[in-house]
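[1] could you work out the structure for the sequence below:
(3 chains)
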Amino acid sequence: MEDRKFAPIDENQGGTAIASEPKRLRKRTKTFTDVMLSVQDLHVSFKTFGGEVQALRGVSFNLYKGETLAIVGESGCGKSVTANTIMGLIPKPAGRIKNGKVLFKGKDLTKLDKSEMRKVQGVDISMIFQDPMTALNPTLKIGEQLTEGLRTHQKVSKAEAREKAIKLLEVVGIPNPEERMKQYPHQFSGGMRQRIVIAIALICEPELLIADEPTTALDVTIQAQILELFEEIQERTGVSIILITHDLGVVAKIADRIAVMYAGKVIEIGDKREVFYTPQHPYTNGLLASVPRLDLKEEELQPIEGTPPDLFSPPNGCPFTARCPFAMEVCERVYPATTGLSETHAVDCWLQDERAKQVIGHN
Amino acid sequence: MVSHQQNVQVPDEWFKPIGKDAEKAESVVRPSLSYWKDAWRRLRKNKLAMGGLVFLIVLTLFAIFAPILSPHNIETTQYANQNLPPSSKHWFGTDDKGWDVFTRTWHGARVSLFVGVAAALIDFFIGIIYGGISGYKGGRTDTVMMRIIEILYGLPHLLVVILLMVIMGPSLTTIIVALTITGWVGMARIVRGQVLQIKNYEFVTASKSFGARTPRIIRKNLLPNTMGPIIVQMTLTVPSAIFAEAFLSFIGLGIQAPVASWGVMANDALPVILSGHWWRLFFPAFFISMTMFAFNVLGDGMQDALDPKLRG
Amino acid sequence: MAIYIVKRFFMMIATILIIATLTFFLMHSIPGSPFDEERTSNPTIQANLEKFYKLDQPTHVQYAHYLKSIATFDFGPSIKKPNESVNKLLARGFPISFELGMVTILVAVISGITLGTFAALRHNGIIDYAAMAFAVVGISVPNFVLATVLIQQVAVNWNLLPPATWSSPLHMILPTLALATGPTAIIARLTRSSMLEVLTQDYMKMARAKGLSPMRIVLRHALRNALMPIVTIMGTMLAGILTGTFVIEKIFAIPGMGKYFVESINNRDYPVIMGSTVFYSAFLVFMLFLVDIVYGFLDPRIKLHRKEGDA
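    Numbers count the residues shown, from 1 in each chain, chains lettered A, B, ... in the order given. Next comes the predicted model:
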């Protein structure tokens, strides 16, 4: 998308701007220029008993070095599939990449064979899973689970690997790391386990960290600690992070940019502030309106009515049409083109069309 | 976000609001069938399981009618007809007493099916009462009842059955009694597990708050939701009971001639390995195996159909 | 762990006690006691019985004495053969039965796990279908049917292998095959389903995300977890194999304990039936105890469970 000229953002344009700026929602100070990962027109389908599910229907975005990109959306919108595709974890033969590229530092990961992909997995790109209670193998000591990746990919001695693992456990905040190395996952609390999972992901010093709902399964207080750990790690190592979540609170805390997914497509992408304050897609709007906030009364919470479309036979037009308060005939018929609103902000919505603005304006 | 429709000409009149259509948004969800209908639909797709079901239906019909319709006498020894190979008169040949193996096979089917189904049904009743109470009451009742089960589970079942059969003497009743004395434990465990899993579901709490009494909760809410694994367990109890009966017959604890089970027939026919009267062994052995096979594939199919989560 | 073992140990003792008691009272409930003098035609036998069962004493003394005998591994005399006792039969027959059982388990475990693992890894592939077809047939065909078919075809018709006895490794092939097929099928099915479940676990995905070799992922991460359920069914499996030895030994004329046991059933040698049942039960319960301990070592979570119990 970097080659596209985006029109400057119009501050008065539609969308409900959120009133007060939360403390953590800082103005972005860093600017990111080096593209590390470029996902281009990715289509992924799964064969199931009921037919073919088109999980991803043309997903494109860039990830810059050192930034945190949040991918948000309802469950089933394709955010986890996106993560798994980048990571090379699409189960075959049920899942298939039908089209598109995943360029990691210029190399198309979708073209790699299994053994080439293994040299990327855990080394260049690591993944953190949703539920720390199940992500660790219950029958192996955590020391082994920590060091095995390192020992597979790099020529290091057992002692060296151990030393590195212990240091890393310290970094992620596990007390008594030497003793803890000998213990099994069930001997740790959920928050501790997630720290271990993070340590495992970091052991080969990857350049990209994909975190799939890393805090969803945790208590709120632990969530905050884990998010702080992410920030700390990013500051320390400069790792890029893709954060998959449906929790806008998490996004507000640590994301630099936000991609909103709906029914297998990225429908809006932009700088965190842009997406939060001037959301352009009615779905993004709805998403933001459905988040409970301390500064609003409870009855003002607005759920988005209806359910996402069936991805066995996705609609031709915009998939949000049936739930959209601004739906027009055109939305049903044709999928909207991407409209650039700023250097960073872009949206797929017919409301951006001049003709639509008149219609909405009359209402 | 690829703009593949950028060049599409869109007429102006398409830009009029049609409003949100929440009903439509809901309607795209695929139709939901009832649990049983859905299970039946899945089972019907499983050809092997349906084959098993058809086989069992045919087998049952034959077991009911074939002995009635058969012209052959299997009560008095007929030395003239000893060990005849299969022919148009004796489809499955005859045995050393001159009895028609075809007729005996269906008598055997009656015994085997009766033992299997009776054992499964009795297991079911005991298991559902014991397991249901244990799981529903919970607390100390549950602990004590489960401790008993734990000990009973440790008993070597077939040995206890042998012991009981030796003491009580072989007969249809004693086989069923012996098999159920040891067999209900597995069913009770499954029922308890199901009940425990389900009893904390919100709808049970809901009916409790409406003042529904315990038996009503069990009958109306728990039972329909626990049936899946229990039906599967029953389906799989039948072949194991048939096997146990055949096994007992084989070690000399079977129901004796003329209305003998398949196991007894096979046991009686053992010396034929050397004499070459293969049909005497083949038919009972074939039907034991086929019946067990049919029940096993049907049970597996039902497991898949009733619990699609477990589907591999 | 120690408390776990002690607890299992006492459960084992309790189970054996129940079986011994059950046996004792069942034996006494036989109409026309098996110890009636009319039944025993031989004075030596009568003397043996009197001595072992203390028939002149009241029932509770008999019971106490019986339990004491069992505790000292004395399982009583034979009613039919004057110079036989369960202990003598065991000494002769059990080593052979044990060998048959052990070889069978070894074959069943190795081939079952291999088959199940490959089936799961090639889920819905040809290997999977073939393995599962084998498994459902293997479960459905009773071992005595398989045994007779094997003798008829392999030994008699094709003359490839000896049809009976247990005198050389070659002789062992058919009985082992007949006895091991069922357990192999059960283990294969269980391994497959448990493997399929393990393969969908998050920690498997994580192992793949680490870029580990497929070999390591299967052997180190999947198999150990997938084998847990196999260990838990080993108890019932052992019981099945043990009772299976009865018919297999009968069919193949193997002079093991099973053959004597079936003999004693056929000629209603009650004391031998009782003695063997108690011995076999005790043996099985002991094996179950061992299996539980092995499970405790395999699954680290059990140890924690104990520690929590201690605290």
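
[2] quick one: the helices in the stretch 1-150 of chain B, in order.
    B:22-27, B:35-45, B:47-69, B:101-137, B:139-154 (DSSP state H, counting those that start in this stretch).

[3] got the angle for the longest one vs helix B:139-154?
    It refers to helix B:101-137. Helix B:101-137 runs at 150 degrees relative to helix B:139-154, counting by axes from the mean of the first three to the mean of the last three CA atoms, to 10 degrees.

[4] quick one: buried residues of helix B:101-137?
    When neighbours are counted by 16 or more other CB atoms under 10 Å in any protein chain shown, the buried residues of helix B:101-137 are found to be B:101-120, B:122-124, B:126-128, B:130-136. C-beta here means a position set from N, CA and C on the backbone, and glycine is covered the same way.

[5] C:L106: which of the helices of the stretch 1-150 of chain B is closest?
    helix B:139-154 (23.9 Å; CB to CB).

[6] mean confidence score for the host helix or strand of A:A252?
    Taking DSSP states H and E as the criterion, A:A252 maps to helix A:248-254. Averaged over helix A:248-254, pLDDT sits at 85.

[7] gap between it and the chain center?
    11 Å (CA atoms, centre = their mean, to the nearest Å).

[8] what's the helix or strand following that helix packed up against?
    Next helix or strand after helix A:248-254 toward the C-terminus (DSSP H and E): strand A:257-262. Secondary-structure packing of strand A:257-262 (3 or more CB pairs under 8 Å, 6 or more residues apart in numbering or on different chains; DSSP states H and E): strand A:68-72, strand A:265-271, helix A:272-277, helix A:282-289.

[9] out of these, the one nearest chain C is which?
    Closest to chain C of the helices and strands packed on strand A:257-262 is strand A:68-72 (CB to the nearest CB; 17.3 Å).

[10] parallel or antiparallel, list what pairs with the closest one.
    According to DSSP bridges, strand A:68-72 has the following sheet partners: strand A:240-245 (parallel), strand A:257-262 (parallel).

[11] for A:A55, find the nearest of these.
    Smallest distance to A:A55 across those (CB to CB): 10.6 Å, for strand A:257-262.

[12] for A:H43, which three-state class applies?
    Classification of A:H43 using DSSP: H, G, I helix; E, B strand; the rest coil returns strand.

[13] burial count for it?
    Using other CB atoms under 10 Å in any protein chain shown, A:H43 has 17 neighbouring residues.

[14] ok, now how distant is it from chain B?
    10 Å (CB to the nearest CB, to the nearest Å).

[15] wait, isn't that residue in contact with A:V102?
    No: assessed by CB atoms under 8 Å, A:H43 is found out of contact with A:V102, at 11.8 Å.

[16] looking at the chain, which helix or strand is least sure?
    I'll assume chain A. The helix or strand of chain A with the lowest confidence, counting by mean pLDDT, DSSP states H and E, is helix A:354-362 at a mean of 67.

[17] was after chain C, sorry
    Of chain C's SSEs (mean pLDDT, DSSP H and E), minimum confidence goes to helix C:300-310, a mean of 46.

[18] just give me the longest helix of the chain.
    Picking chain A for this. Of all segments of type helix in chain A, defined using DSSP state H, the longest is helix A:220-237.

[19] oops, I was thinking of chain C
    Per DSSP H, chain C has its longest helix at helix C:86-121.

[20] any low-confidence regions in the stretch 1-150 of chain C?
    By pLDDT under 70, the low-scoring segments of the stretch 1-150 of chain C are C:1, C:31-43, C:50, C:53-55.

[21] the residue in it positioned nearest to chain A and A:P91, how far apart?
    In the stretch 1-150 of chain C, the residue that lies nearest chain A is C:N124 (9.0 Å; CB to the nearest CB). Per CB to CB, to the nearest Å, C:N124 is found 12 Å from A:P91.

[22] again, but for C:Q152
    46 Å.

[23] give the contact list for the spatially closest residue to A:H281 that is not a sequence neighbour.
    Distance criterion CB to CB, 6 or more residues apart in numbering or on different chains; nearest residue to A:H281, sequence neighbours excluded, is A:E268 at 4.3 Å. Shown in contact with A:E268 (CB atoms under 8 Å, 6 or more residues apart in numbering or on different chains): A:258-260, A:275, A:279-281, A:283-284, A:346-349.

[24] could you export those residues as a markdown table, including neighbour count and pLDDT?
    Compiled in a markdown table, the contacts of A:E268 are given as follows (neighbours: other CB atoms under 10 Å in any protein chain shown; pLDDT from 0 to 100):
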| residue | neighbour count | pLDDT |
| --- | --- | --- |
| A:I258 | 27 | 93 |
| A:A259 | 28 | 93 |
| A:V260 | 27 | 93 |
| A:V275 | 29 | 90 |
| A:P279 | 26 | 90 |
| A:Q280 | 26 | 90 |
| A:H281 | 24 | 91 |
| A:Y283 | 28 | 90 |
| A:T284 | 26 | 90 |
| A:A346 | 26 | 91 |
| A:V347 | 27 | 91 |
| A:D348 | 27 | 91 |
| A:C349 | 24 | 89 |
